[in-house]
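**Student:** Everything below, folded, please.
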Amino acid sequence: MDESQHPPQDAATARLERELATCRQQCRFADAAVRAISDAVVIIDLQGKITLLNPVAAHLTGWTEPESLERPLGDVVRFVDEHGNGMDPLSPESDWHFTMLRRRDGHVVLVDGNVSPIVDDLRRVLGSVVTFRNVTAAKRLTDELTHQAHHDPLTGLPNRRAFESRLRRAVQSAKENGSRHALLYFDLDHFKPVNDTAGHAAGDELLRQLAKLLRSQLRENDALARLGGDEFAILLEDAAPEQASYVAEKVRRAIGAYPFEWQGEVFRIGASIGQLEFADGKLSAYELLYRADEMCYLAKSRGRDRVVAFSRERKGAQPVPKSVSALRSNRQRIRRPRSPAHT
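**Tutor:** Take a look at the predicted model:
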């Protein structure tokens with residue numbers, strides 16, 4: 001046999017050893033990458049048993065890697081739904097991208113995760129890789145930012161943006177279902193003297209106390225908002241005109257009877273309230289706020305501390321004043337939210 005036709009045995013062995021060393025090095029690189037990644041990574045075989053648990057996964061689950069190896073995934077990585085029921089991330093019907101992880105010590109954290117199959121060159125499934133990350137702090141921050149974006153920081157009430165969104169939904173329900181709703185728009189009377197006499201800290205405290213007072217006068221599903229400064233609005237959904245009038249007077253009396261005490265001095269305030277009912281969805285949220293604010297302006301111009309209803313003004317003999325300067329002022333107030341500065 002011509003030895004030149006076959007490579008020497010030691011050359012073939014050397015080549016295989018080089019390829020094996022390359023494979024081992026790639027495995028070490030891959031293992032180091034999986035262990036250094038900032039997400040939790042768990043690798044399981046076809047029987048659902050754990051073959052790798054990286055440090056982040058160990059930290060989140062409370063299990064060490066040696067303890068977890070060869071254990072079923074569900075023993076170590078325990079996903080649960082909002083009711084505390086176990087979830088199988090390997091189930092085809094499972095939708096658990098945002099779910100909760102119950103740690104070994106019983107504590108629960110919110111996680112975002114995914115499952116991907118591990119396949120060979122022939123597309124044969126060899127196992128699965130489960131990845132997840134702790135999003136508890138991120139979710140808390142998102143919730144806080146969302147709350148801040150839709151609530152007044154002083155009183156904790158929904159702000160203008162949130163109220164207008166709620167009002168638009170009410171307009172849509174009136175348009176589609178003929179639902180009857182009512183809008184109350186009011187300014188506080190004699191609020192400026194509180195700021196001027198006792199200072200803005202007193203004004204802030206008065207607004208906080210009034211927010212609690214107003215909330216106690218309403219149904220649970222009624223929407224109360226601070227629109228800015230000393231302006232408030234209330235949306236009464238599924239309310240007849242008689243109910244709206246009753247609530248408006250109830251709010252007016254509650255505010256007027258409230259004694260605000262500050263450093264030994266007692267202040268009395270009031271409210272000028274504009275009332276508007278709607279049931280057909282013909283007016284937009286902006287138009288409703290505009291007309292309700294116009295009624296609030298009329299209440300102030302007629303002596304303050306009273307309720308002026310659009311329906312009664314429209315039916316009465318006395319026409320609604322159309323002062324250009326007043327309407328321009330109102331229009332600016334509706335279109336642009338006021339700054340938190342007191343008026």
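**Student:** Quantify the burial of Tyr297 by counting its neighbouring residues.
**Tutor:** Neighbour count of Tyr297, defined by other C-beta atoms under 10 Å: 23. For glycine as for every other residue, the C-beta is placed from the backbone atoms N, C-alpha and C.
**Student:** for Glu287, same thing?
**Tutor:** By other C-beta under 10 Å, 14 other residues sit near Glu287.
**Student:** tell me the pLDDT at it?
**Tutor:** Looking at Glu287, its pLDDT is 94.
**Student:** repeat for the one 5 residues further on
**Tutor:** At Ala292 the predicted local confidence, pLDDT, stands at 95.
**Student:** Kindly report the same for Glu313.
**Tutor:** 71.
**Student:** what about it, distance to His151?
**Tutor:** Distance, Glu313 to His151, by C-beta to C-beta, to the nearest Å: 33 Å.
**Student:** now do Arg161
**Tutor:** Using C-beta to C-beta, Arg161 is found at 9 Å from His151.
**Student:** Neighbour count for the two, which is higher?
**Tutor:** Using other C-beta under 10 Å as the criterion, Arg161 and His151 rank with His151 on top: 17 against 14.
**Student:** Model confidence for the more buried one, exactly?
**Tutor:** 96.
**Student:** contacting residues around it?
**Tutor:** Going by C-beta atoms under 8 Å, 6 or more residues apart in numbering, His151 touches 157-159, 162.
**Student:** again, but for Asn54
**Tutor:** 34-35, 37, 40-42, 65.
**Student:** Any chance of those in a markdown table with pLDDT and neighbour count as columns?
**Tutor:** Formatted as a markdown table, the contacts of Asn54 follow (pLDDT from 0 to 100; neighbours: other C-beta atoms under 10 Å):
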| residue | pLDDT | neighbour count |
| --- | --- | --- |
| Val34 | 86 | 20 |
| Arg35 | 87 | 16 |
| Ile37 | 89 | 15 |
| Ala40 | 96 | 23 |
| Val41 | 96 | 18 |
| Val42 | 96 | 29 |
| Glu65 | 94 | 16 |
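**Student:** Next, give me the two most distant ones among those.
**Tutor:** The span of the contacts of Asn54, defined through C-beta to C-beta, is set by Ile37 and Glu65 at 14.5 Å.
**Student:** hey, where'd the strands end up in the stretch 101-250 of the chain?
**Tutor:** 108-119, 125-134, 181-189, 223-228, 231-236 (DSSP state E, counting those that start in this stretch).
**Student:** Within the sheet, what are the partner strands of the second one, with directions?
**Tutor:** Strands flanking strand 125-134 in the sheet, each with its direction: strand 40-45 (antiparallel), strand 108-119 (antiparallel) (DSSP bridges).
**Student:** Also the last one?
**Tutor:** If you go by DSSP bridges, strand 231-236 pairs up with strand 181-189 (antiparallel), strand 223-228 (antiparallel).
**Student:** quick one, which of those strands is nearest to Met100?
**Tutor:** Across those, Met100 has its closest neighbour in strand 223-228 (31.2 Å, C-beta to C-beta).
**Student:** buried set for that closest one?
**Tutor:** Residues 223-228 are the ones in strand 223-228 that count as buried (16 or more other C-beta atoms under 10 Å).
**Student:** Tell me the one among the residues you listed nearest to Val76.
**Tutor:** The closest of these to Val76 turns out to be Ala223 (C-beta to C-beta; 46.5 Å).
**Student:** Quick check: that closest one touching Arg215?
**Tutor:** No: with contact defined as C-beta atoms under 8 Å, Ala223 does not reach Arg215; the gap is 10.8 Å.
**Student:** can you pull the contacts of Thr61?
**Tutor:** Residues near Thr61 by C-beta under 8 Å, 6+ apart: 40, 53, 68, 76-78, 101, 103-104.
**Student:** Run through the stretch 1-150 of the chain and note the low-pLDDT ranges.
**Tutor:** Low-confidence segments of the stretch 1-150 of the chain, defined by pLDDT under 70: 1-9, 94-97.
**Student:** among the contacts of Thr61, which are in helices?
**Tutor:** Cross-referencing these against helices under DSSP state H gives 68, 76.
**Student:** Just the buried ones from the contacts of Thr61, in ChimeraX syntax?
**Tutor:** Buried residues within these, as defined by 16+ other C-beta under 10 Å, are selected in ChimeraX through the command that follows:
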select :40,53,68,76,77,78,101
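**Student:** Distance of the residue nearest to Asp189 when sequence neighbours are not counted relative to Val307?
**Tutor:** Using C-beta to C-beta, 6 or more residues apart in numbering and skipping the chain neighbours, the partner closest in space to Asp189 is Gly270 (3.6 Å). Applying C-beta to C-beta, the value for Gly270 to Val307 is 11 Å.
**Student:** same deal with Arg71?
**Tutor:** Plainly put, Arg71 is 69 Å away from Val307 if you go by C-beta to C-beta.
**Student:** ok, back up a step: right, and the strands paired with strand 231-236 - which one's nearest Ala248?
**Tutor:** Nearest to Ala248, of all the strands paired with strand 231-236, is strand 181-189, at 5.5 Å by C-beta to C-beta.
**Student:** in that closest one, what's buried?
**Tutor:** For strand 181-189, the neighbour count (16+ other C-beta under 10 Å) marks 181-189 as buried.
**Student:** Nothing else from me, thank you.
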